[in-house]
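>>> just need the structure, nothing else, for what follows:
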Amino acid sequence: MKIFYSMILLFLISISVTADANTVGGKIVHVGSVNETIVFRIVGGTDTNRPACATTLRYAVHKDSVHASLILTAFATGKDLGTVSGLGTCSLWGNAEDLRFIEICPATGCS
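Numbering: from 1, shown residues only. Below is the predicted model:
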């Protein structure tokens, strides 16, 4: 039982360590694709705790990700972003942070 609780504790710690890597606000100004990965860049937002591997300040998602259509729609319409959060890793593309979630603001703005 101690092993089970230790595993849960390690999982929660790992979530809290990477949960702070994010961008708040801004717009997607660049979208590209390479192999099966969509990479995108946000400007006008505030970055915090981005991993050292994300040297281009881009985020990355797999082309079949549930996030892909949101990213393309936000880019095409110029929508404002709320919070965009990364995983703290760059496994999809070596210099772009893997995306955890993306929030796109409605016409009335993010609240």
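
>>> verify the stated contact: residue 99 with residue 59.
Yes - Residue 99 is within contact range of residue 59, at 4.7 Å (criterion: Cβ atoms under 8 Å). (Glycine included, C-beta is placed from N, CA and C.)

>>> mutual contacts of those two, please.
Common neighbours of residue 99 and residue 59 (criterion: Cβ atoms under 8 Å, 6 or more residues apart in numbering): 84, 86.

>>> now the residue most central in space within the chain: phi and psi?
Closest residue to the average C-alpha location of the chain: residue 99 at 3.0 Å, with Cα atoms, centre = their mean. When read as degrees, to the nearest 10, the backbone of residue 99 gives phi -80, psi 140.

>>> what does residue 42 give?
Dihedral angles (degrees, to the nearest 10) for residue 42: phi -110, psi 140.

>>> pLDDT of stretch 42-59, averaged?
For stretch 42-59, the mean pLDDT works out to 94.

>>> may I see the buried residues of it?
Applying a neighbour-count criterion of 16 or more other Cβ atoms under 10 Å, one finds 42, 45, 47, 50, 53-54, 56, 58-59 buried in stretch 42-59.

>>> would you list the residues you listed in TSV and tack on secondary structure?
Below are the buried residues of stretch 42-59 laid out as TSV (DSSP: H, G, I helix; E, B strand; the rest coil):
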residue	secondary structure
42	strand
45	coil
47	strand
50	coil
53	coil
54	coil
56	coil
58	strand
59	strand
